[in-house]
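Visitor: here is the input, now give the coordinates:
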Amino acid sequence: MSDVTLTNITDLVRNIIGDYLRSDSDVFEYVSSAIFTLTEENTTAVSSVYLNGALLATTDYSYDITTQKVTITASLDIGDSIEIFYTYYAKYSTTELNNYVKSALTYLAVYNYKEYYEEDDTIYPEPFSKDKSLIAVIASIIVSPKNSTIRTPDMTIMAPEGSLPLQDMIQKTITVFKSSSHGIFYLAWKSLI
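Guide: Here you go, the predicted structure:
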């Protein structure tokens, strides 16, 4: 049984690439439709909804994370002001990052590190802490191969922009990671070319 989920790794990837959870609000005026589309694409949750400055009960609205729409079920009059407070990620959706993490798992197998698989958002066999960092770093490299510095508690990678193709960066990261006995290392691509 594994307790490590894609979300656990995705949270590490978000920290590495600087895609932090943010808060915002949108203000709408009711005209004819009680369905309102949020401005930000990667919204994670609606925290509160106000109708003419009064907080609505959570039973007075619903939120569809797939469509990014909020439906007000409370009675509305033309001209009413609706303010919706929510949290979001500015750069990537959870689905996008989960797919990058799955790709990272594939690279680990391709480059003979270890074979992991994902089933129902859980990663098997359960990766050790050091391996979770490696998976997150590889996913981060896939997300942003031009990122010049990647840091985790276990490693620091500094890569001059354009110094290596994506697959070579991943292969060299895995190679150095496998040979590191203490788990903490500094990798500069120029020293490996």
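Visitor: domains of the protein?
Guide: As recorded under automatic domain parsing, the domains making up the chain are 6-16+93-192, 21-89.
Visitor: point out the most buried one among those domains.
Guide: Of all the domains of the chain, domain 6-16+93-192 has the most neighbours on average by mean count of other CB atoms under 10 Å, namely a mean of 17. Bear in mind the C-beta positions are built from the backbone N, C-alpha and C, glycine included.
Visitor: any idea how far that domain is from the chain center?
Guide: 14 Å (CA atoms, centre = their mean, to the nearest Å).
Visitor: offset the numbering so it begins at 52, please.
Guide: In the new numbering, first residue 52, that becomes domain 57-67+144-243.
Visitor: tell me the mean pLDDT over it?
Guide: Domain 57-67+144-243 comes out with an average pLDDT of 80.
Visitor: please apply the same query to stretch 115-122.
Guide: In this model, stretch 115-122 carries a mean pLDDT of 94.
Visitor: show me what it is in contact with.
Guide: Contacts to stretch 115-122, defined as CB atoms under 8 Å, 6 or more residues apart in numbering, come from residues 85-89, 91-92, 94-97, 100, 112-114, 135.
Visitor: let's see it at 6 Å
Guide: Residues outside stretch 115-122 that contact it (CB atoms under 6 Å, 6 or more residues apart in numbering): 85-89, 94, 97, 112-114, 135.
Visitor: looking at this structure, which helix is longest?
Guide: Criterion DSSP state H: the longest helix present in the chain is helix 145-161.
Visitor: is Glu177 in contact with Asn59, as I believe?
Guide: No - taking CB atoms under 6 Å as the definition, Glu177 is not a contact partner of Asn59, at 10.3 Å.
Visitor: and Glu169, what element?
Guide: For Glu169, the element it lies in under DSSP states H and E is strand 168-170.
Visitor: helix or strand right after that strand?
Guide: Assignment by DSSP H and E places the next element after strand 168-170 at strand 173-175.
Visitor: what does that next one contact?
Guide: Contact with strand 173-175 is made by 53, 55-56, 167-168, as judged by CB under 6 Å, 6+ apart.
Visitor: looking at the residues you listed, which is nearest Ile123?
Guide: Ile123 lies nearest to Thr56 out of those, by CB to CB, at 32.9 Å.
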